[in-house]
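Chemist: I need the structure of the sequence given here:
(chains A and B)
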Amino acid sequence: MSTLRKKKQARRSGLASVALVVFGLLLTGGVYAVFNSTSADADTSTYSAAQIEEGKNLFVANCATCHGLDLAGTNAGPSLIGVGAASVHFQVGTGRMPMANSAPQAPVKPVVFTEEQILSLAAYVASISPGPAIPSDKYLDANGEAANGGELFRINCAMCHNVAGAGGALTGGKFAPALDGVAPVHIYEAMITGPQNMPVFNDMNISPDDKRDIITYLKYMEANAGPGGFTLGSLGPVSEGLFVWIFGLGGILGIVVWMTSRAN
Amino acid sequence: MSQTTVEPERGKLDRFSRAAASYVDDRTKIGVLVKEFGRKIFPDHWSFMLGEIALFSFITILITGVFLTLFFDPSMAHVEYEGSYLPLKGMEMSAAMASTLDISFDIRGGLLIRQVHHWAALLFNAAIGLHILRVFFTGAFRKPREINWIIGFLLFVLALVAGFTGYSLPDDLLSGNGLRIIDGFIKALPFVGVWISYLLFGGEFPGDDLVGRFYSLHILVVPAVILLLIGIHLVLVFLHKHTQYPGPGKTEKNIVGQPILPVYAAKAGGFFFIVSGFVFLLGGIFQINPVWNYGPYDPSPISAGTQPDWYMGWTDGFLRLVPSHWEFVLWGYTFSMNLLVVYIVAGIFLGLVALYPFIEAWITGDKREHHLLDRPRKAATRTGIGAAGVMFYAVAWAAASSDLIATHFHLSLEGVTIFLQILLFVGPVFSFIIAKRIALALQKKDREIVLHGSESGYIVRLEGGEYVEVHNPIDDGLRWKLLSYHSDYEPWMLRPNAKGKIGFWRRTRAALSRFYFEDRIEPVSQSELDAARHDHKPELNTGH
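Modeler: Got it, this is the predicted structure:
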């Protein structure tokens, strides 16, 4: 490596280094685009014309005020060009959309549409411009390798969502939500669409099988939350500390006060 | 010895001590000691049990700890986990982590004992904290007990060390992150930091040595020193005799309560089972430190909501409160004030706590022995200072959970941090003022009650149309308690020293003394009391 560098330095001219940088940029950009598009263009699902038509009607009635009739976005909402069916399915399926009032990030609310309507909306948005698709069921069975999923989760997700998936704070009043009770399909879609401050984990970062493992791990943790008893919200030492002061020491003091008051 | 027991029980109990003493004396010739010990009198009050809660949780820690040493492998050698916890199966980890998982999932009763050990450690620290506050607010640290205060303070610090070295042993992600912060703290020390860090970790962090080293500290050195200090602490309590709250028949020269043998010892023995039973209940029902969630330590990931155990929280809080970018380079060394400020602030705080008895004695000039406790309201300034200290600690402690405060109350993290930064300075001032005012107000109320009786809630209309509230006379016991305001406290007088000079220190001392005694409520004098007695015709019992 260092010898290579020396040689390069020896015959380096100003122009050559500029060319080199441009070439490097082009190469990485190109490779990135290719890799990225593998997941973005993966939407091979076909939608019926009727479904798209229904989706369009729903969109115009419920979403266009913010996202624009042409999906290009308005002051009240971002553009939906290229977000894909997965994003719509996630946002509407978790009740985030349609957004009701402004907040640092769209809060989760009761879902207002049926699954069929949501699929129609997704079909409509995807028909205008393709993007990440709704994942296939074979990745959603929560039957992969929990150990691998656990390690990936700790490395990729725990810094925002907490190791136990209990959620965590981000800047400016934003937060990564707790992950218990989230449907496998929404976990998958969150990874491929990266809602809000969450990064996109495309298939080059985390392969579909690895995503399946992550879902497996999260579902395992959900089903076996507390081998040691009540988890106190899985918030770690803070909840343990509050608990020991209020209920531990508090409980014993209650006994002590009762005992000494009886003695007198 | 000038001790008196509660009268009616004296004969029987004394006989018991004597019998026990002669039994042991016939065999070991130390009966004298037993008799002395057995006849010591202990007063009864719930707040005197806090130290016992600490002691008994410590014994619980020792017992459960012995169990854990049988199965824990203090080694950082890499192994593949083959135990029964599915989500970690087949993963590379240290033997320490693997054996912790084995204790949790594959050794019968292991998880329970581990959890009891950890809950007991949290309780140990909490009980010490509350015990220190009790001693502080009742003035029990005054002469001749200053040395025992220092020993108690050392125990408080050692309990932190015991806890920290303990939760670092499993070598899981959470504790590893904690160690990384400690590593940062050490490396921030100018000039020597990096050397110390390499020495401690046996190379660049995390190294392969730390768990073994912490293990010797955690199971040998720290507990031994704690035991030793507890021993001295108790011997001193024994020599000084216990303090007592003011009350009828209680003076600086006597002590009212129960003899150690058999009553107090039996009670304490029973209390041990209550405390340890309670902790076992916690360990059986509530999960603590789920290392299986955290996974094995790996320097790259870090989790949201990474906090230390509660007793270390205040230091983490300072770390979060120091504004960022406070660092500069001098002589080629980086001075990372983000960390150095924490050293300074925590050091000053701990120093003030440790030296408070001496500081107060210097300010008040009070060199007498005290065996009667102050009710917190009596020493209003001290109570205010204590409240300020508690507030300061509490804000730092809360800051360690700033992220959880933000998510759980839907606030912005930056907002919470800025609020706590301000509160760290403003909070103690307000706490001081409010606590002192409350203490003085309570004194005033006591004075009213002594002079005019307690309020009965009945309003009576007199013939002249005047309304008055009926005040009930109070019994002598209560009056005793309320009257126990010794009026002999006075500011330290500013006088020239031997050379006839008034130096800076003398001026400071006089100013502090004035500040300490400035606001007070005059205690009820005998003539006032007599006058008040006269005023109140017994049939009517009306107030003024």
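
Chemist: Tell me if I am right that residue B:502 is in a helix.
Modeler: No: assessed with DSSP: H, G, I helix; E, B strand; the rest coil, residue B:502 is coil; it does not lie in a helix.

Chemist: So for it, what's the pLDDT?
Modeler: Residue B:502 carries a pLDDT value of 79.

Chemist: That one: neighbour count?
Modeler: By the measure other Cβ atoms under 10 Å in any protein chain shown, the count of residues near residue B:502 is 13. The way it works is simple: take the backbone N, C-alpha and C, and place the C-beta from them, glycine included.

Chemist: I'd like to check which residues are in contact with it.
Modeler: Contact analysis of residue B:502 by Cβ atoms under 8 Å, 6 or more residues apart in numbering or on different chains lists B:494-496.

Chemist: and if you look at residue B:102?
Modeler: B:71, B:83, B:110.

Chemist: Going by distance to chain A, which of the contacts of residue B:502 wins?
Modeler: residue B:494 (44.1 Å; Cβ to the nearest Cβ).

Chemist: Roughly how far does that closest one sit from residue B:511?
Modeler: Per Cβ to Cβ, to the nearest Å, residue B:494 is found 9 Å from residue B:511.

Chemist: Quick check, the residue in the stretch 51-200 of chain A closest to chain B?
Modeler: Closest point on the stretch 51-200 of chain A to chain B, by Cβ to the nearest Cβ, is residue A:168, at 2.5 Å.

Chemist: Would you mind confirming that that residue makes contact with residue A:162?
Modeler: Yes: between residue A:168 and residue A:162 there is a contact under Cβ atoms under 8 Å: 4.9 Å.

Chemist: Okay, domains of the chain per the record?
Modeler: You didn't pick a chain, so chain A it is. A:47-134, A:135-224, A:232-259 (automatic domain parsing).

Chemist: My question was about chain B, not that one.
Modeler: Split by automatic domain parsing, chain B gives B:3-32, B:44-76+B:92-312, B:453-540.

Chemist: Return the most buried member of the ones you listed.
Modeler: Among the domains of chain B, domain B:44-76+B:92-312 has the highest mean neighbour count (mean count of other Cβ atoms under 10 Å in any protein chain shown), at a mean of 19.

Chemist: And that domain, end to end?
Modeler: 32 Å (Cα to Cα, to the nearest Å).

Chemist: interface residues of the stretch 51-200 of chain B facing chain A?
Modeler: Contact residues, the stretch 51-200 of chain B versus chain A (Cβ under 8 Å from any Cβ of the partner chain): B:53, B:85-91, B:104-105, B:111, B:115, B:119, B:122-123, B:126-127, B:130, B:173-174.

Chemist: Just the ones in helices from these, please.
Modeler: Counted as lying in helices by DSSP state H, out of those, are B:53, B:104-105, B:111, B:115, B:119, B:122-123, B:126-127, B:130, B:173-174.

Chemist: Just flag the most distant two among these.
Modeler: The largest separation in these, counting by Cβ to Cβ, is between B:105 and B:130 at 34.6 Å.

Chemist: which residues of chain B fall in strands?
Modeler: Assigned by DSSP state E, the strands in chain B fall at B:41-42, B:78-80, B:92-94, B:258-259, B:327-330, B:333-336, B:454-461, B:467-472.

Chemist: Let me have those in TSV, adding mean pLDDT and distance to residue A:118 as columns.
Modeler: Formatted as TSV, those follow (pLDDT from 0 to 100; distance: least, Cβ to Cβ, whole Å):
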stretch	mean pLDDT	distance to residue A:118
strand B:41-42	76	71
strand B:78-80	93	44
strand B:92-94	92	42
strand B:258-259	76	73
strand B:327-330	84	51
strand B:333-336	82	51
strand B:454-461	84	65
strand B:467-472	83	70
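
Chemist: Quick check: which of those strands is nearest to residue A:194?
Modeler: Nearest to residue A:194 among these is strand B:92-94; the distance by Cβ to Cβ comes to 29.9 Å.

Chemist: Now the common contact residues for residue A:168 and residue A:162.
Modeler: A:176, B:303-305.

Chemist: for the contacts of residue B:102, which one is nearest residue B:215?
Modeler: Checking those against residue B:215 by Cβ to Cβ gives residue B:71 as the nearest, at 13.2 Å.

Chemist: Pull the distance from stretch B:189-208 to the chain's centre.
Modeler: On the basis of Cα atoms, centre = their mean, to the nearest Å, stretch B:189-208 sits 32 Å off its chain's mean C-alpha point.

Chemist: Once you drop chain neighbours, what's closest to whichever residue of the stretch 101-250 of chain B sits closest to chain A?
Modeler: Proximity of the stretch 101-250 of chain B to chain A (Cβ to the nearest Cβ) peaks at residue B:122, 4.1 Å away. Leaving out its chain neighbours, the residue that sits closest to residue B:122 by Cβ to Cβ, 6 or more residues apart in numbering or on different chains is residue A:244, at 4.1 Å.

Chemist: One more: residue A:157?
Modeler: Closest to residue A:157 by Cβ to Cβ, 6+ apart is residue A:214, at 7.5 Å.

Chemist: Kindly report the same for residue B:289.
Modeler: In space, and not counting its chain neighbours, residue B:289 is closest to residue B:118: 5.3 Å by Cβ to Cβ, 6+ apart.

Chemist: Does that neighbour touch residue B:287 like I think?
Modeler: No: between residue B:118 and residue B:287 there is no contact under Cβ under 8 Å: 10.0 Å.

Chemist: how close does residue B:352 sit to residue B:292?
Modeler: Computed as Cβ to Cβ, the residue B:352 to residue B:292 distance reads 41 Å.

Chemist: what does residue B:51 give?
Modeler: Look at residue B:51 and residue B:292: by Cβ to Cβ, they are 35 Å apart.

Chemist: low pLDDT regions in the stretch 1-150 of chain A?
Modeler: Where the stretch 1-150 of chain A drops to pLDDT under 70, the residues are A:1-45.
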